[in-house]
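J.: attaching a predicted model along with its sequence, questions to come.
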Amino acid sequence: MDQLLYISMTGAKQNMHSLAVRGNNLANANTTGFKADLENARSMQAFGPGMPSRVFAMTERPTQNFTDGLLKTTGRDLDVAIKGEGWVSVQDKDGNEALSRNGNFTISAAGVLQTMQGQPVLGNQDAPIIIPLPVEKLEINEDGTIEIRPEGAPADALEEVNRIKLSNPFAGELTKGDDGLFRATNGQPYQPDATVELVKGALEGSNVNPVQEMTHMISMQRQFEMQIKMMKTAEENEKATNNLLRLS
């Protein structure tokens, strides 16, 4: 295959991948606790029969932007944000533990404390947190402990029922799944970290910068157009070569 055509073809493919990643970031600019995805590609030598004269564009291991998003004060008892580094443990659809920065919680009809996406929040013994219903008031403290006042109880009758599991694994060992939750690549369990603190009545916004994402998308689109032009040039060169061969 012509070198010019091969390089431009693989480059255009990676440009399309980059556009998809940046488009997804823009779509989640208002998603609570969302961490922007980053993409990276590099040139890679193609090996096989013949001389190693082919190079193609290859996607590197994707990662995320782990900087904190802006805190938005809501005043809601079931809204919490993580102060600085740290994660909240939740249960994914397969029943496994995963990590999230989304502290927009709700209580199901069965009394399960969960995210707005329906993922149960984990507490003591890595089990879903069950809130005894009915409750008149619920407070989530900075250390993750949950206190409730049962319906009809005195104003000072606060009872601790559980504690949200908070951990702080190394960000370089985390990868994000298609469900938006993070998991450790080394398969190690998440150890509770008492230094992780919560901010009550607040939510962490997305760390996506819409202006930067739009600028990057425009750049990727221009690169994609350049790759297409290179592919057309390779086709024109091939046609010219064939004409020369017919004349000879």
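T.: Arrived safely, thanks for sending. Residues are numbered from 1 along each chain as shown.
J.: helices and strands around the longest helix seen in the chain, which ones?
T.: Of all the segments assigned as helix in the chain under DSSP state H, the longest by residue count is helix 210-247. On a contact count with 3 or more C-beta pairs under 8 Å, 6 or more residues apart in numbering; DSSP states H and E, helix 210-247 meets helix 3-27. Just so you know, the C-beta spots here come from the backbone N, C-alpha and C atoms, and that holds for glycine as well.
J.: mean confidence for the helix it packs on?
T.: The pLDDT scores in helix 3-27 average 84.
J.: one more: stretch 228-240?
T.: 83.
J.: who's in contact with stretch 219-232?
T.: 4-5, 7-9, 11-12, 15-16, 18-19, 22 (C-beta atoms under 8 Å, 6 or more residues apart in numbering).
J.: which one (most neighbours) among those residues?
T.: Using other C-beta atoms under 10 Å as the neighbour criterion, Arg22 leads the contacts of stretch 219-232 with 24 neighbours.
J.: low-scoring stretches of the chain, by residue?
T.: 1-2, 48, 50-53, 60-61, 248 (pLDDT under 70).
J.: one more time with 80
T.: The model of the chain has pLDDT under 80 over residues 1-7, 40-62, 155, 187, 235, 238, 241-248.
J.: can you show me the CA trace of stretch 103-121 as CSV?
T.: What follows is stretch 103-121, C-alpha atoms only, in CSV (Å, rounded to 0.1, in the frame of the first residue of the first chain):
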residue,chain,number,x,y,z
GLY,A,103,-22.5,13.0,45.3
ASN,A,104,-26.0,13.7,44.1
PHE,A,105,-27.8,11.1,46.2
THR,A,106,-31.4,10.0,46.7
ILE,A,107,-33.2,7.3,48.7
SER,A,108,-35.1,4.6,46.9
ALA,A,109,-38.5,3.4,48.0
ALA,A,110,-36.7,0.4,49.7
GLY,A,111,-34.5,2.8,51.7
VAL,A,112,-31.3,2.3,49.7
LEU,A,113,-29.0,5.3,49.5
GLN,A,114,-28.1,5.6,45.8
THR,A,115,-26.9,8.0,43.1
MET,A,116,-29.4,9.6,40.7
GLN,A,117,-28.3,6.9,38.2
GLY,A,118,-29.5,4.2,40.6
GLN,A,119,-26.1,3.0,41.8
PRO,A,120,-26.2,2.0,45.5
VAL,A,121,-23.8,3.9,47.7
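J.: show me what contacts Ala194?
T.: Asp143.
J.: likewise the one 10 residues further on?
T.: Glu204 makes contact with 32-33, 68-72, 81-82, 101-103, according to C-beta under 8 Å, 6+ apart.
J.: of the residues you listed, buried ones?
T.: The neighbour-count test (16 or more other C-beta atoms under 10 Å) marks 32-33, 68-69, 81-82, 101-103 as buried among those.
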